[in-house]
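Peer 1: take a look and give me a structure for this.
(2 chains)
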Number of protein chains: 2
Amino acid sequence: MDTTIQPINYLNAGVTRQPDGTTVFRVWAPFRQVVALRLGDNDIPMNATGHGYWEAKVTDIQPGTPYWYILDEDLRRPDPASYWQPEGVHGPSFIAASNFTFTDHDWKGIAPEKLVIYELHTGTFSPEGTFDGIRQRLPYLKDLGITAIELMPVAQFPGNRNWGYDGVFPFAVQNSYGTPDDLKALVNAAHKAGLGVILDVVYNHLGPEGNYLRDFGPYFTDKYKTPWGDAINFDGPYCDAVRGFFIQNALRWLDEFHIDALRMDAVHAYFDSSAVHFTAELATAVRDLETRCGRRKLLIGEIDLNDPRYVSPPLQGGYGLDGQWVDEFHHALHALLTGEQQGYYEDFGSLEALARSFSDVYVYTGQYSVHRKRRFGKKPEGLPFHQFVVFSQNHDQVGNRLLGDRLSANLPVAALKLAAAAVILSPFIPLLFMGEEYGEKNPFRFFTSHSDPDLVKAVKEGRQQEFAHEGTAPDPQAEETFNGSKLSWNIQDETSAAILSFYKTLLQLRQSRPALQNTAREATTVYFREQSSLLVLERSAKEERLLLAFNLGSEVQSFVYENNGRLREILNSS
Amino acid sequence: MDTTIQPINYLNAGVTRQPDGTTVFRVWAPFRQVVALRLGDNDIPMNATGHGYWEAKVTDIQPGTPYWYILDEDLRRPDPASYWQPEGVHGPSFIAASNFTFTDHDWKGIAPEKLVIYELHTGTFSPEGTFDGIRQRLPYLKDLGITAIELMPVAQFPGNRNWGYDGVFPFAVQNSYGTPDDLKALVNAAHKAGLGVILDVVYNHLGPEGNYLRDFGPYFTDKYKTPWGDAINFDGPYCDAVRGFFIQNALRWLDEFHIDALRMDAVHAYFDSSAVHFTAELATAVRDLETRCGRRKLLIGEIDLNDPRYVSPPLQGGYGLDGQWVDEFHHALHALLTGEQQGYYEDFGSLEALARSFSDVYVYTGQYSVHRKRRFGKKPEGLPFHQFVVFSQNHDQVGNRLLGDRLSANLPVAALKLAAAAVILSPFIPLLFMGEEYGEKNPFRFFTSHSDPDLVKAVKEGRQQEFAHEGTAPDPQAEETFNGSKLSWNIQDETSAAILSFYKTLLQLRQSRPALQNTAREATTVYFREQSSLLVLERSAKEERLLLAFNLGSEVQSFVYENNGRLREILNSS
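Peer 2: Numbering: from 1, shown residues only, chains lettered A, B, ... in the order given. Modelled structure (predicted):
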């Protein structure tokens, strides 16, 4: 044993401009005998630098130059760490231009307790479907009262239409959305407007088309199964470089792009038996980055495990994430408002479920779940409520319905207002899904633009199968499915204007009332009466006590408040 | 959602004698339409009692009565929770006799810091190959100076010859070893002699022959892969009953059989993404049992993860096991003593590796492992050394060699003495493998007695493949492979007697010197010089300080002890 070997500092992959003007190309391909860098008609041999890395140094290379890697002399592949794929997922990688200069020097990041998130999909948020399209609408978003936008994944995916979870170049900015510089300009403008930017990143799988990572090395393992096939190799032989690849990716968005937080997709599908879980290693790296850059940086996981370990502090054995999405709050609210009981909604539908979520965040904290056919979850004791993101709608909960229909398509305005208030006045971090703030009527459907006909057929059939009992699913590949999912921006309409105004009022209230900003667990008390469909939250701060009464039934309800003090009405949604 | 549903208290499976003299048969078969209990020529219909359980109550049934379960009217199967399979794994289950009365009322269990473990295989330890054969030799073991025996698995396996890891009836005592009452008599006698009893249990897989659990329900999942095929279903739908089955099993050995501790095989193959890990749920159940029965009960895992979480206290986010095996101590010592570098020994061989194990228990605490091809492990900081079991030999490290040869077959007596001292005078829990205490020359080989010819062939070929580069492996199925693995008990021979005497001296020393009983981390200091092959441990207690010098080279070594105080020689192995 050579005990002088130190932990390997895994190298950054990709293309790096050196201070001396040269450019270093580095790629990880541990099983390859020969790797070359193809620039134009030239194949430049790369040097093996140890632990599976290959390097070539080139002088006088300009942004906009295409390149490939040639594996074992015959396999031509784009760069797994490509920054720019202007010809799509099957084309060459390009040296990305980088001319943008940030001017957000005063921006210090965003504190979790101040977060009010607006989730948007770049391709359908604006008519332009680009980063610039978002940038132009930042004043509207600022005026709305949110504090951060959250971009659905922007990593390069096949074609021009995709939610983003089929991305296959984790470092490349989707070419149909704009350039890397356009994304930087968006982040810079958001910061200048006082808004944070959260980016959705997918570290649990890669998309089914254009994923060439397997040709380079063991990025995947068949030891664990995910709904999307083989899991990422977080704990098998050679996993260090794989872990390093995704950590480098996270740090790049947070550092080079000034992104404030990452929303990590499906963290429950990060299978890792290592003594240091990938999630914990990533969190440590992000804490280091915060110190280096002097800005707050957050990690928020989508985690369907009801396991507080992920968001608990490392000293308590936790993985140290800053926050997580809580789908169960949504399910409890949605099942109550719509009466739906299909699929996972069978586990919800009582007022008690919603009350439980207001009390414990998770609804299932060890009880038997009929849908999961097992006991599920654990109480997240001792964790402040600003570690939990709740919503009444999001891309999944809208888009993964047969027709992608929003709440506004099914519920009266009074119910939409109740849903908005339950989320925005909750002690948790509220997340709005683009358009809900004015009761957008257009659906948000599942759409793709794959080029492989077999895949197109399989996705269409898979989608139809999922909803077989409910009707005919829109064709994901049809351009109309995408176009019909764009926001209408129809906010002048009377109902829309009223809804928008109510959202603004709620958001203003949240930001101006100390009791609504108090995310300590003990500052919220929940009262409910199952029979009368009345749920009351008492939220308090040193300065004040607020009662929030939610009537989930159709009758007028009374509530006797037994504490001392006079009640004054601040807001009435009816 | 019916929120009135409470966490299900999973029911004990198997046959229970009621206080009123009736007998209840209970089996879990959630997907079956009809289940019957076959007693003689009678098929007694069983009642579905919810959550997949089936029950029948019978009067006037005597021990020794055979029974089957009939699934969906045509599949005849023995009971997964059978207590007694006198006709083997394919025969009927039998009502076990239970006439033994324990007389170990004063026994309070064994504290981990007092443990000195003697691992034995019931079939080869004594000429009889039975529990009685062990019982007769308890005086010898007591005289040796160990404090607990550890039985390799005794759950019913196919045939009469097996290490025990192919067991398929976790609740049944291997019929060729004796009856359940014989095992109780052994435990009782051990306790009367002041010895604890540890039982090896396998909760990560079932054997390949006679495993009928799949016919009853989803005991397995294909979501995770283990070296033995599908993993146990610890976190999928219906997992509660599966978890309950194994927890019931653990509690039964500890409670009904008065077993003091369980050695849990391959805990790293318990794949479980639940918020409460199976290991933690089991530990909680055992803590409850301790309170109920007023005796110390221990859980010791074999865990190849170098992850302190498993043995850390629940308040620090740990799973709460009392201890774990540390193979790396063995590997470091073995590679040094033998110079072997094949397989996992490539990660070891330096004196520093052994020094590291004496300092941190784990050798790999985050460094890159050449063998695993990744960084591995984490320092188990703050955990006392009596949570870690070390050995210079065990069933795996001897038996999983081509010829099953022990250290005594390859090393001079001086080296055997050094190995013994390194283990027994370590600050960890020492484990001896049967026979090593007198330098047994007979090998301990891998043996089976399957009845399925295809399986016999596959096991033989698999074994040969594993050692393809080293020579011809003994045929696991040959009776001679088993017979040749029995202890010779050749302790009168001069060399054997000398080795035995040295072991006794070491064990006496460990039990009589306060410094050797101090398992606090800070009470052991390690000095070593790689070049001179000298490793020195300073072990201290309030009353005394001991220096232990291990010379792993062939030359005489000097060591300058720089602290104050006169040195007095207590023991010299040369």
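
Peer 1: show me what counts as buried in stretch A:459-473.
Peer 2: Within stretch A:459-473, the residues scored as buried using 16 or more other Cβ atoms under 10 Å in any protein chain shown are A:459-460, A:463-464, A:473. C-betas here are computed from N, CA, C, even on glycine.

Peer 1: likewise for stretch A:59-72?
Peer 2: Applying a neighbour-count criterion of 16+ other Cβ under 10 Å, one finds A:61, A:65-71 buried in stretch A:59-72.

Peer 1: equivalent analysis for stretch A:306-324, please.
Peer 2: By neighbour count on 16+ other Cβ under 10 Å, the buried set for stretch A:306-324 is A:306-312, A:317-324.

Peer 1: next one: stretch A:519-529
Peer 2: For stretch A:519-529, the neighbour count (16+ other Cβ under 10 Å) marks A:519, A:521, A:523-524, A:527-528 as buried.

Peer 1: export only the CA atoms of the longest helix seen in chain A, formatted as PDB.
Peer 2: Secondary structure assigned by DSSP state H gives helix A:494-512 as the longest helix of chain A. Taking Å, rounded to 0.1, in the frame of the first residue of the first chain, the C-alpha atoms of helix A:494-512 are listed here in PDB:
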ATOM      1  CA  GLU A 494     -60.800  41.100 -15.100                       C
ATOM      2  CA  THR A 495     -60.500  37.800 -13.300                       C
ATOM      3  CA  SER A 496     -56.800  37.600 -14.000                       C
ATOM      4  CA  ALA A 497     -56.300  41.100 -12.700                       C
ATOM      5  CA  ALA A 498     -58.200  40.300  -9.500                       C
ATOM      6  CA  ILE A 499     -56.200  37.200  -8.900                       C
ATOM      7  CA  LEU A 500     -52.900  39.000  -9.600                       C
ATOM      8  CA  SER A 501     -53.900  41.800  -7.200                       C
ATOM      9  CA  PHE A 502     -54.700  39.200  -4.500                       C
ATOM     10  CA  TYR A 503     -51.300  37.500  -5.000                       C
ATOM     11  CA  LYS A 504     -49.600  40.800  -4.700                       C
ATOM     12  CA  THR A 505     -51.500  41.600  -1.500                       C
ATOM     13  CA  LEU A 506     -50.500  38.300   0.000                       C
ATOM     14  CA  LEU A 507     -46.900  38.600  -0.900                       C
ATOM     15  CA  GLN A 508     -46.800  42.100   0.500                       C
ATOM     16  CA  LEU A 509     -48.400  40.900   3.700                       C
ATOM     17  CA  ARG A 510     -45.900  38.100   4.000                       C
ATOM     18  CA  GLN A 511     -43.000  40.600   3.700                       C
ATOM     19  CA  SER A 512     -44.400  43.200   6.000                       C
END
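
Peer 1: what's the burial count for A:N99?
Peer 2: Other residues near A:N99 number 9, with proximity taken as other Cβ atoms under 10 Å in any protein chain shown.

Peer 1: still on that earlier bit, relative to B:F271, which of the buried residues of stretch A:519-529 is nearest.
Peer 2: Proximity of the buried residues of stretch A:519-529 to B:F271 (Cβ to Cβ) peaks at A:R521, which lies at 32.3 Å.

Peer 1: and the closest residue to chain B within the stretch 201-350 of chain A, what does it touch?
Peer 2: Nearest residue of the stretch 201-350 of chain A to chain B, counting by Cβ to the nearest Cβ: A:G317, 1.5 Å away. Listed by Cβ atoms under 8 Å, 6 or more residues apart in numbering or on different chains, the contact set of A:G317 reads A:309, B:309, B:312, B:316-318.

Peer 1: on that earlier part again, so which of the buried residues of stretch A:459-473 sit within helices?
Peer 2: Using DSSP H, the subset of those located in helices is A:459-460, A:463-464.

Peer 1: any chance of those residues in JSON lines, plus distance to chain B and pLDDT?
Peer 2: Formatted as JSON lines, these follow (distance: Cβ to the nearest Cβ, whole Å; pLDDT from 0 to 100):
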{"residue": "A:V459", "distance to chain B": "23", "pLDDT": "95"}
{"residue": "A:K460", "distance to chain B": "27", "pLDDT": "94"}
{"residue": "A:R463", "distance to chain B": "23", "pLDDT": "92"}
{"residue": "A:Q464", "distance to chain B": "25", "pLDDT": "92"}
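
Peer 1: so A:D396 is in which element?
Peer 2: Assigned by DSSP states H and E, A:D396 falls within helix A:395-399.

Peer 1: nope, A:S574 is what I meant
Peer 2: Using DSSP H and E, no helix or strand contains A:S574.

Peer 1: in contact with the residue of the stretch 451-574 of chain A found nearest chain B, which residues are there?
Peer 2: Scanning the stretch 451-574 of chain A for proximity to chain B using Cβ to the nearest Cβ identifies A:E530 as nearest, at 8.9 Å. The contact partners of A:E530, taken as Cβ under 8 Å, 6+ apart, are A:350-352.

Peer 1: which one of those residues has the most neighbours?
Peer 2: A:L351 (21 neighbours).

Peer 1: just give me the neighbour total for the closest residue to A:G210 other than its chain neighbours.
Peer 2: Spatial nearest neighbour of A:G210, excluding adjacent residues (Cβ to Cβ, 6 or more residues apart in numbering or on different chains): A:V89 at 2.8 Å. Using other Cβ under 10 Å, the number of residues around A:V89 comes to 24.

Peer 1: quick check, A:V89 in contact with A:F157.
Peer 2: Yes: A:V89 is within contact range of A:F157, at 7.0 Å (criterion: Cβ atoms under 8 Å).

Peer 1: quick one on the thing from earlier: so which two of the buried residues of stretch A:59-72 are the farthest from each other?
Peer 2: Using Cβ to Cβ, the pair of the buried residues of stretch A:59-72 lying farthest apart is A:I61 and A:L71, separated by 20.9 Å.

Peer 1: doesn't A:A419 fall inside a strand?
Peer 2: No: counting by DSSP: H, G, I helix; E, B strand; the rest coil, A:A419 falls outside a strand, being helix.

Peer 1: A:T525 bridge partners, please.
Peer 2: Judged by DSSP bridges, the bridge partners of A:T525 are A:E538.

Peer 1: gap between it and A:E466?
Peer 2: According to Cβ to Cβ, to the nearest Å, A:T525 and A:E466 sit 40 Å apart.

Peer 1: one step back: of the buried residues of stretch A:519-529, which belong to helices?
Peer 2: Using DSSP H, no member of the buried residues of stretch A:519-529 falls in helices.

Peer 1: out of the contacts of A:G317, which one sits closest to A:L534?
Peer 2: A:R309 (35.0 Å).

Peer 1: need the contact list for the closest residue to that closest one other than its chain neighbours.
Peer 2: In space, and not counting its chain neighbours, A:R309 is closest to A:G318: 5.4 Å by Cβ to Cβ, 6+ apart. Residues counted as contacts of A:G318 (Cβ under 8 Å, 6+ apart) are A:280, A:308-312, B:317.

Peer 1: cutoff 10 Å now
Peer 2: With contact taken as Cβ atoms under 10 Å, 6 or more residues apart in numbering or on different chains, A:G318 is in contact with A:277, A:279-280, A:283, A:307-312, A:383, B:317.

Peer 1: distance of the spatially closest residue to A:H121 that is not a sequence neighbour from chain B?
Peer 2: Nearest residue to A:H121, sequence neighbours excluded (Cβ to Cβ, 6+ apart): A:M152, at 4.5 Å. Counting by Cβ to the nearest Cβ, to the nearest Å, the separation of A:M152 from chain B is 25 Å.

Peer 1: these two touch, right, A:M152 and A:Y118?
Peer 2: No: with contact defined as Cβ atoms under 10 Å, A:M152 does not reach A:Y118; the gap is 11.6 Å.
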